[in-house]
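[1] Got a predicted model here, sequence first, then my questions.
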There are 2 protein chains.
Amino acid sequence: MRAVIPFKRTNAKSRLSPLLSGKEREELAMAMLNDVTEALLGSGCFEVIDVLSTSIIEVRGVNIVLTDKGLNEALNEYLQKMTSHSINEPVLIIMADIPLVSTGNIRDITSSPADIVIAPGRMGGTNALFIRDPSSFRVDYYGASFLKHNDIASRNGLKIEVFDSFNLSTDIDEVADLAEVLLHGKGHASRYLEKLGLGFARNIGRVGIKRV
Amino acid sequence: MRAVIPFKRTNAKSRLSPLLSGKEREELAMAMLNDVTEALLGSGCFEVIDVLSTSIIEVRGVNIVLTDKGLNEALNEYLQKMTSHSINEPVLIIMADIPLVSTGNIRDITSSPADIVIAPGRMGGTNALFIRDPSSFRVDYYGASFLKHNDIASRNGLKIEVFDSFNLSTDIDEVADLAEVLLHGKGHASRYLEKLGLGFARNIGRVGIKRV
């Protein structure tokens, strides 16, 4: 079984720019990536873990595969190459910005009997996608990818499971999302935000984020 | 085992008023409540299901307990009354605005061996709270209640489990939250929104909501 993580460091997480500088956003993106790779490594489920990166980075215990392609093109080329090299093993595509993911989550999603397992992000995203047979599926991210991936699976006659996880649903895109890392995180991203002096503004109904 | 749902119909869900009229918000609140009570009833876990309501309502298969108290006061009085009547059984406090909850979620959360199980809402909320011994705990909702409930459990030496569920984390407060009901819902609330003609605006990155 293998895992693939698409990753972009340069100008990462632009919607966090109201709070974080470009350098801080890149460092946070790397911290979140390390949380994800450690969950994958800790699960013991994978022979191969590939990070498809648009820039040269170093991450412990995984392969860095450089690409200059966009998200869909890079991932579909990856699935296509597996097929053309007759590597017919299950693959987990997982986003780099879900730092709450646990080893238990990874074990659970990869032990599903379904053909396709989709862990939804909020607002129709796809944060993890387990594909039992990579020759049978192509990805279509952006917008309501949850619906698109359901459609693609249905059209190919594949049995789908929706994976119910708050951890996996929590992708970090906007300033408000950082609250979830501070509230629930225990890893690199959480420590990085604390190091930056980020804290809660508790007086606004739901929890907010400010520099303390 | 028993379940308690605090509920307010009058001027319910005021943050949905940019999209829904007062009557529509009340009807949506009732539809969501019915989704929650059906998940509870379907789980087969409870001898008693009480809805603590500020107005007279009818819901199939559950008791309506009228109260004019606020959320914390009503729930703590409920726990206190259980204790003073020597009703020492586990209780699940669950919010009325989490229409994605499934019978499987209910069975899983109530079968935890922990003293306290907290299903977080987004941004520090508490959407479900399983209390094994009601004499040992008091609730403190509003603001970062997830942190407060963790603190209360720790102070009382209680073993806590955080329940990882996207379904349970998805409380419906704001217009954007309605997208989750349309994307993932299969029950009363989802059908009600469709009846109102609500649909997706897919052209804004994440999915949005509009009247179609």
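    Yep, it's here.

[2] pretty sure residue A:130 is in a helix, no?
    No: with DSSP: H, G, I helix; E, B strand; the rest coil as the criterion, residue A:130 is located in strand rather than a helix.

[3] ok, now which ones touch it?
    By CB atoms under 8 Å, 6 or more residues apart in numbering or on different chains, the contact list for residue A:130 reads A:90, A:91, A:92, A:93, A:109, A:110, A:112, A:114, A:116, A:117, A:118, A:163. All C-beta spots, glycine's among them, are computed from the backbone N, C-alpha and C.

[4] Can you lay out the residues you listed as TSV showing pLDDT?
    TSV is the format used below for the contacts of residue A:130 (pLDDT from 0 to 100):
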residue	pLDDT
A:90	97
A:91	98
A:92	98
A:93	98
A:109	98
A:110	98
A:112	97
A:114	98
A:116	98
A:117	98
A:118	98
A:163	98
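
[5] Out of those, which sit inside helices?
    Among the contacts of residue A:130, DSSP state H puts A:109, A:110 in helices.

[6] for the contacts of residue A:130, which one is nearest residue A:38?
    Using CB to CB, residue A:92 comes nearest to residue A:38 of the contacts of residue A:130, at 14.8 Å.

[7] low pLDDT regions in chain A?
    Within chain A, the ranges that satisfy pLDDT under 70 run A:201-212.

[8] near chain B, which residues of it show up?
    For chain A, the residues in contact with chain B (CB under 8 Å from any CB of the partner chain) are A:102, A:105, A:119-120, A:122-125, A:142-144, A:146-147, A:162, A:164-169, A:176, A:179-180, A:183-184, A:200, A:202-203, A:205-207.

[9] Please spell out the PyMOL selection for the buried subset of the residues you listed.
    For the buried members of the residues of chain A next to chain B, the matching PyMOL selection, counting by 16 or more other CB atoms under 10 Å in any protein chain shown, is:
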select buried, chain A and resi 102+105+119+120+122+123+124+125+143+144+146+147+162+164+165+166+167+168+169+179+180+183+184+200+206+207
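
[10] Which ones among the residues of chain A next to chain B map onto strands?
    Residues of the residues of chain A next to chain B located in strands (DSSP state E): A:119, A:120, A:162, A:200.

[11] Could you measure from the closest residue to the third one other than its chain neighbours over to residue A:135?
    Looking back up the chat, that one is residue A:162. Spatial nearest neighbour of residue A:162, excluding adjacent residues (CB to CB, 6 or more residues apart in numbering or on different chains): residue A:118 at 5.7 Å. In this view, residue A:118 and residue A:135 are 18 Å apart by CB to CB, to the nearest Å.

[12] And residue A:94, by the same measure?
    According to CB to CB, residue A:94 and residue A:135 sit 20 Å apart.

[13] ok, these two, which is more surrounded?
    residue A:94 (26 against 13; other CB atoms under 10 Å in any protein chain shown).

[14] who's the more buried one bridged to?
    Counting by DSSP bridges, residue A:94 is bridged to residue A:128.

[15] Report the contact partners of it.
    With contacts defined as CB under 8 Å, 6+ apart, residue A:94 is in contact with A:3, A:4, A:5, A:36, A:40, A:101, A:127, A:128, A:129.

[16] Filter those down to the buried ones, ChimeraX style.
    A single ChimeraX command suffices to select whichever of the contacts of residue A:94 are buried according to 16+ other CB under 10 Å:
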select /A:3,4,5,36,40,101,127,128,129
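
[17] circling back to that earlier point, my read is that the residue nearest to residue A:162 contacts residue A:160, right?
    Yes: counting by CB atoms under 8 Å, residue A:118 does reach residue A:160; the two are 6.5 Å apart.

[18] Looking at those two, which has the bigger crowd around it?
    More crowded of residue A:118 and residue A:160, by other CB under 10 Å: residue A:118, with 24 against 15.

[19] For the more buried one, give the beta-bridge partners.
    Judged by DSSP bridges, the bridge partners of residue A:118 are residue A:129, residue A:162.

[20] The residues of chain A next to chain B in helices, which ones?
    A:105, A:146, A:147, A:166, A:167, A:168, A:169, A:179, A:180, A:183, A:184.

[21] For the residue nearest to residue A:162, give me its contacts.
    With CB under 8 Å, 6+ apart, residue A:118 has these contacts: A:126, A:128, A:129, A:130, A:146, A:149, A:150, A:153, A:160, A:161, A:162, A:163.

[22] give me that answer again for 6 Å
    A:126, A:129, A:149, A:162 (CB atoms under 6 Å, 6 or more residues apart in numbering or on different chains).

[23] Tell me the one of those residues nearest chain B?
    Chain B has its nearest neighbour among the contacts of residue A:118 in residue A:162, at 7.4 Å by CB to the nearest CB.

[24] can you list contacts of the lengthiest helix in chain A?
    Once chain A is assigned using DSSP H, the helix that runs over the most residues is helix A:22-43. Applying CB under 6 Å, 6+ apart, the contact partners of helix A:22-43 are A:3, A:7, A:9, A:12-13, A:16, A:46, A:49, A:59, A:61-62, A:96-97, A:99, A:101-103, A:106-107, A:187-189, A:192.
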